[in-house]
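S.K.: Sequence and predicted structure, then a few things I'm wondering about:
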Amino acid sequence: MNTFWGCETERLTELSTVFDARAIRLRTLIQQVALCTRITDWCGPDAEEHRRRTMELVEFIIDLIERLRELGERLGDEAAEQDLCSQAEGSPARSGVGDPLGVRAAPPWDLDDVDPLPHLSGPPADDPGPVIGGPVMAEDPQELLRRLRSLPDGEDFALDPEILAEAERQRELLLGEVPVVGIAQTLMSGHEAVGDLYDRAEAALVDNGYGAFTPLVSLARVPHHLSEALLGEKSVLGQVTSAVDRGLANVAQTGGEVLSEIGEGDAGGAVRAVERGGFRNAGMSADILTATAGPAIADTASDLIGTGADLAEPLSPGTAETLREAEESVREVGEGWEQGQEALTDPEFYYDLRRTFAPMPWDPQA
């Protein structure tokens, strides 16, 4: 009786290719998770703990993926050994273990034919989905983020909130005496104060059981909504003012970090602090250059539509519901515009990009 010991080597080689393709895909996905965790605008002890636990899990999963890839290589080696043992004497050796150059044979298929894992970057090609910013922009402004390999560890990049608040106070004092700028600054502060007053009035009506009168407050807000595009937080003036505040805070924080590192005798840390300050300053300049009234206009339009919904609610609930849906749609357009702009001008992203692909001697991982 003849007994066959072995395998169908072509199938085993194909399985090895699948292992390798899956390992590559899984590694890409988990590194995208690590990157998204680092770039999320979230500060505080909970954020740091979440990032720490996520990175530990990422390292563990990458180790498992590497083992999966090694098992795939072993399958290919087993197939090559089987071919070597099964070949007739005198016949030329196949690529693999029997190859005198030690070169593995190319996979018998194209990796593009492998059934891919679900793609996280957006809808399939036959479903274009919503386009952000019109036909001249990419469907997802953060597509470049998903192509990064990994993100090295580093110091905290964000500005200290206390330093930022102090910078805002210093800016108000410094610019308060400048004729035109001082007036604009005062108007912005007054606009914010009026908005707070309206908020308190609405809250007081609701708390005291007079919620039916809130549409009157909404109607009184109309001039305030109209001035939002000129004096509000998201207006061009508001964006430039915010960038100036961050610039002043950056100078103070960078100087303190450099002096602290020098005091501890860490020259590399001082260089890193200077570099972080340079990237933050570049981000501030980019914000000023790309400041646009688009988000403020969208907010103003959505607020006015919301006022119409408040006024229509007692008379026609159906009309009010339609107006609220329109309000939400317009607001989402403005928020998408704003988020896309922030993603493209985020200095921390470019700082991490440099450290990932162009490590320097002062980097901790170099």
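M.R.: Cool, got the structure.

S.K.: Start from the N-terminal end of the stretch 151-300 of the chain and give the strands.
M.R.: Assigned by DSSP state E, counting those that start in this stretch, the strands in the stretch 151-300 of the chain number zero.

S.K.: mind listing the helices in it by residue range?
M.R.: With DSSP state H, counting those that start in this stretch applied, the stretch 151-300 of the chain shows helices at 161-175, 179-207, 214-220, 222-231, 236-263, 267-289, 294-312, listed in chain order.

S.K.: Just tell me which of the ones you listed ends up closest to residue 63.
M.R.: Counting by Cβ to Cβ, residue 63 lies closest to helix 267-289 out of the helices of the stretch 151-300 of the chain; the figure is 28.3 Å. C-beta here means a position set from N, CA and C on the backbone, and glycine is covered the same way.

S.K.: need the contact list for residue 290.
M.R.: Taking Cβ atoms under 8 Å, 6 or more residues apart in numbering as the contact definition, residue 290 lies against 341, 344-345.

S.K.: how much space between it and residue 51?
M.R.: From residue 290 across to residue 51, the span is 28 Å (Cβ to Cβ, to the nearest Å).

S.K.: Residue 220 now?
M.R.: 45 Å.

S.K.: who has more neighbours, those two?
M.R.: Neighbour totals were compared for residue 220 and residue 51, and residue 51 leads with 16 against 12 (other Cβ atoms under 10 Å).

S.K.: what sits against the closest residue to the more buried one other than its chain neighbours?
M.R.: With sequence-adjacent residues excluded and distances taken as Cβ to Cβ, 6 or more residues apart in numbering, residue 51 is closest to residue 37, at 5.5 Å. For residue 37, the contacting residues are 50-51, 54-55, by Cβ under 8 Å, 6+ apart.

S.K.: Counting neighbours, which of those residues end up buried?
M.R.: Burial by neighbour count, judged by 16 or more other Cβ atoms under 10 Å, picks out 51, 55 from the contacts of residue 37.

S.K.: In helices, which of the contacts of residue 37 fall?
M.R.: The helices, defined by DSSP state H, take in 50-51, 54-55 from the contacts of residue 37.

S.K.: hang on, residue 362 packs against residue 268?
M.R.: Yes - in this structure, residue 362 sits in contact with residue 268. The criterion is Cβ atoms under 8 Å, and the distance is 4.0 Å.

S.K.: Including pLDDT and distance to residue 172, could the contacts of residue 37 go into CSV?
M.R.: Shown next, in CSV, are those (pLDDT from 0 to 100; distance: Cβ to Cβ, whole Å):
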residue, pLDDT, distance to residue 172
50, 84, 35
51, 83, 34
54, 85, 39
55, 85, 40
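
S.K.: Closest one of the contacts of residue 37 to residue 305?
M.R.: Relative to residue 305, the closest of those is residue 50; by Cβ to Cβ it sits at 36.6 Å.

S.K.: Please give me every residue in contact with the closest one.
M.R.: When contacts are taken as Cβ under 8 Å, 6+ apart, residue 50 is in contact with 37, 42.

S.K.: what about residue 235, neighbour count?
M.R.: Residue 235: 24 surrounding residues under other Cβ under 10 Å.

S.K.: Tell me the pLDDT of residue 88.
M.R.: pLDDT, residue 88: 59.

S.K.: what's the spacing between the nearest residue to residue 230 once chain neighbours are set aside and residue 186?
M.R.: Leaving aside its chain neighbours, residue 230 sits nearest to residue 237 (7.0 Å; criterion: Cβ to Cβ, 6+ apart). In this view, residue 237 and residue 186 are 12 Å apart by Cβ to Cβ.

S.K.: Between the two, which has more neighbouring residues?
M.R.: Higher neighbour count among residue 237 and residue 186: residue 237, with 21 against 13, using other Cβ under 10 Å.

S.K.: How much space separates that one from residue 292?
M.R.: Separation of residue 237 from residue 292 (Cβ to Cβ): 12 Å.

S.K.: Residue 221 now?
M.R.: Using Cβ to Cβ, which is the criterion applied here, residue 221 is 24 Å from residue 292.

S.K.: out of those two, which sits in the busier spot?
M.R.: The residue with more neighbours, out of residue 221 and residue 292, is residue 221; 22 against 14, by other Cβ under 10 Å.

S.K.: got the domain boundaries for this protein?
M.R.: 9-111, 161-357 (automatic domain parsing).

S.K.: winner for burial among the ones you listed?
M.R.: The highest mean neighbour count among the domains of the chain, using mean count of other Cβ atoms under 10 Å, belongs to domain 161-357: a mean of 16.

S.K.: moving C-terminal of the strand or helix carrying residue 332, what's the next helix or strand?
M.R.: For residue 332, the element it lies in under DSSP states H and E is helix 317-344. The helix or strand immediately downstream of helix 317-344 is helix 347-357, counting by DSSP H and E.

S.K.: and that following helix with helix 236-263, angle?
M.R.: Note on geometry: by axes from the mean of the first three to the mean of the last three Cα atoms, to 10 degrees, helix 347-357 and helix 236-263 are set 50 degrees apart in direction.

S.K.: Hey, what's the angle from helix 347-357 to helix 317-344? Just curious.
M.R.: Inter-element angle recorded for helix 347-357 and helix 317-344: 40 degrees (by the same axes, to 10 degrees).

S.K.: Give me the residues contacting stretch 187-201.
M.R.: If you take Cβ under 8 Å, 6+ apart as the criterion, stretch 187-201 is touched by 172, 217, 220-221, 224, 227-228, 231-233, 237-238, 241.

S.K.: could those residues be laid out in JSON lines, adding pLDDT and distance to residue 308?
M.R.: Shown next, in JSON lines, are these (pLDDT from 0 to 100; distance: Cβ to Cβ, whole Å):
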{"residue": "172", "pLDDT": "84", "distance to residue 308": "36"}
{"residue": "217", "pLDDT": "78", "distance to residue 308": "14"}
{"residue": "220", "pLDDT": "80", "distance to residue 308": "14"}
{"residue": "221", "pLDDT": "81", "distance to residue 308": "12"}
{"residue": "224", "pLDDT": "78", "distance to residue 308": "15"}
{"residue": "227", "pLDDT": "84", "distance to residue 308": "18"}
{"residue": "228", "pLDDT": "84", "distance to residue 308": "16"}
{"residue": "231", "pLDDT": "82", "distance to residue 308": "22"}
{"residue": "232", "pLDDT": "84", "distance to residue 308": "19"}
{"residue": "233", "pLDDT": "84", "distance to residue 308": "23"}
{"residue": "237", "pLDDT": "87", "distance to residue 308": "27"}
{"residue": "238", "pLDDT": "88", "distance to residue 308": "25"}
{"residue": "241", "pLDDT": "90", "distance to residue 308": "30"}
